[in-house]
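Colleague: How does the following fold in three dimensions:
(one chain, ligands or ions: 1)
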Amino acid sequence: MESVPYDKRSGKIWFNGAPIDWSDVKIHVLSHGLHYASCVFEGERVYGGEIFKLEEHTERLFHSASRMGFKIPYSQEVLNKATKDIVAIQKIKNGYVRPIAWRGSEMMAISAQQTKINLAIAAWEWGPYYDINKGIRLNISKWKRPSPDSIPWDTKASGLYMICTLSKHEAEREGFTDSMMLDYQGNIAEATGANVFFKNKSGELHTPVPDSFLNGITRRCIIDIATSKGIKVTERKIKPEEMNDFVGCFLTGTAAEVTPVSQIDKYKFSVCDVIKDLSKSYQSLVRKKTAA
Ligand code: PMP
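Modeller: Now for the predicted structure:
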């Protein structure tokens with residue numbers, strides 16, 4: 001299954017109002033979203049047949065679209081139901097959901113005010129993104145997160161991801177698993193598809209302030225979990241050289257879940273019990289509904 005290209009899989013995809021055959025979902029090469037990145041998306045996980053934080057993801061999709069200056073032509077309720085329907089139709093037990101909205105083919109120039117907004121939701125069976133038992137290694141990207149006045153930074157707009165793919169490819173070429181991106185001022189920002197936390201020698205967590213990158217849903221969950229365990233979490237600007245003083249590090253994201261990090265550039269971290277425990281607590285939170 002894994003090696004089958006995504007356009008050759010089977011089942012249904014919700015496309016502009018209804019579930020249709022996977023192979024019938026086609027868009028024209030002259031689509032504004034493809035040429036000009038007028039496109040926003042979400043990434044959701046399914047655990048035991050339930051979509052974790054579905055409403056928050058749908059809300060963020062609408063927020064992303066609005067920041068990109070377009071309106072999704074459905075209500076959030078309709079999309080929540082459509083997402084559940086497609087997960088049920090695809091019989092997804094543990095998997096991933098990808099809603100995506102983009103400007104169509106009615107106009108093909110910078111100005112695209114009259115384009116139709118298309119919307120698709122695809123879902124597939126999917127396991128863990130990284131091996132969560134051993135830490136992954138990251139380089140530091142030469143590409144930076146843009147300043148907040150250069151792009152709608154608090155969104156999952158496709159255009160933002162060209163920086164992530166460039167960074168990730170460069171990291172992989174150098175033998176790393178992922179890449180740590182700095183912000184436009186040189187502070188630590190985030191990995192290519194996940195937020196980052198550090199643990200200091202006193203057992204406290206420190207995480208960058210999300211003021212030029214996504215304040216992830218998983219990030220917020222982990223802050224809540226850690227706080228409820230009595231772990232102090234500080235959100236602040238963090239310079240790369242401060243990594244010298246941190247003893248632990250992990251990434252958080254819908255796909256990455258809680259992924260321990262063993263190395264960023266020349267800085268080494270240990271996969272300690274606190275991180276393993278947070279990872280376990282996150283796993284029980286996401287499966288809570290079905291375990292009950
Ligand atoms: N940053 C980036 C660039 C991402 O793509 C993601 C994944 N959506 C995150 C952070 C983490 O966000 P979330 O926890 O909401 O998945």
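Colleague: what about Gln114, neighbour count?
Modeller: Applying other C-beta atoms under 10 Å, we find 9 residues neighbouring Gln114. In this view, the C-beta of every residue, glycine as well, is placed from N, C-alpha and C.
Colleague: Please apply the same query to the one 3 residues further on.
Modeller: Ile117 has 18 neighbouring residues, counting by other C-beta under 10 Å.
Colleague: if I look at whichever residue of the stretch 51-200 of the chain sits closest to the ligand, how far off is Leu251?
Modeller: In the stretch 51-200 of the chain, the residue that lies nearest the ligand is Gly193 (3.9 Å; C-beta to the nearest ligand atom). Applying C-beta to C-beta, to the nearest Å, the value for Gly193 to Leu251 is 9 Å.
Colleague: What helix or strand is Thr259 located in?
Modeller: Using DSSP states H and E, Thr259 falls within strand 257-264.
Colleague: typo on my end, Ala101
Modeller: Going by DSSP H and E, Ala101 is part of strand 95-103.
Colleague: helices or strands next to that strand in the packing?
Modeller: With contacts taken as 3 or more C-beta pairs under 8 Å, 6 or more residues apart in numbering; DSSP states H and E, strand 95-103 sits against helix 32-36, strand 39-41, strand 44-47, helix 54-67, helix 76-89, strand 117-125.
Colleague: CA atoms of that strand as CSV?
Modeller: Output in CSV follows, covering the C-alpha atoms of strand 95-103 (Å, rounded to 0.1, in the frame of the first residue of the first chain):
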residue,chain,number,x,y,z
GLY,A,95,-4.8,7.3,9.7
TYR,A,96,-4.5,10.8,8.3
VAL,A,97,-6.9,13.3,6.8
ARG,A,98,-6.0,16.0,4.3
PRO,A,99,-8.6,18.7,3.6
ILE,A,100,-7.5,21.2,1.0
ALA,A,101,-9.0,24.3,-0.5
TRP,A,102,-7.7,26.2,-3.6
ARG,A,103,-8.6,28.7,-6.2
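Colleague: Could you please name the strands that strand pairs with and the direction of each pair?
Modeller: strand 39-41 (antiparallel), strand 44-47 (antiparallel), strand 117-125 (antiparallel) (DSSP bridges).
Colleague: how far is the longest one from where the chain is centred?
Modeller: Using C-alpha atoms, centre = their mean, to the nearest Å, we find the averaged C-alpha position of strand 117-125 to lie 15 Å away from the chain's own average C-alpha position.
Colleague: And stretch 34-51, by the same measure?
Modeller: The answer for stretch 34-51 is 8 Å, by C-alpha atoms, centre = their mean.
Colleague: Next, the buried residues of it.
Modeller: For stretch 34-51, a neighbour-count test (16 or more other C-beta atoms under 10 Å) marks 34, 36-47, 50-51 as buried.
Colleague: Quick one: end-to-end distance for it.
Modeller: End-to-end distance for stretch 34-51: 28 Å, by C-alpha to C-alpha, to the nearest Å.
Colleague: Can you give the contact residues for stretch 119-129?
Modeller: 1, 6, 9, 13-16, 22, 25, 45-46, 72-74, 79, 82-83, 86-87, 90, 92-101, 255-257, 259 (C-beta atoms under 8 Å, 6 or more residues apart in numbering).
Colleague: please redo it, this time with the cut-off set to 6 Å
Modeller: 13-15, 82-83, 86-87, 90, 92, 95-101, 255-256 (C-beta atoms under 6 Å, 6 or more residues apart in numbering).
Colleague: Up against the ligand, what does the stretch 151-292 of the chain have?
Modeller: Residues of the stretch 151-292 of the chain found near the ligand (C-beta under 6 Å from any ligand atom) are 156, 164, 190, 193-195, 214, 216-219, 252-254.
Colleague: what about 8 Å?
Modeller: Taking C-beta under 8 Å from any ligand atom as the contact definition, the stretch 151-292 of the chain meets the ligand at 156, 160-161, 164, 190-195, 213-214, 216-221, 252-256.
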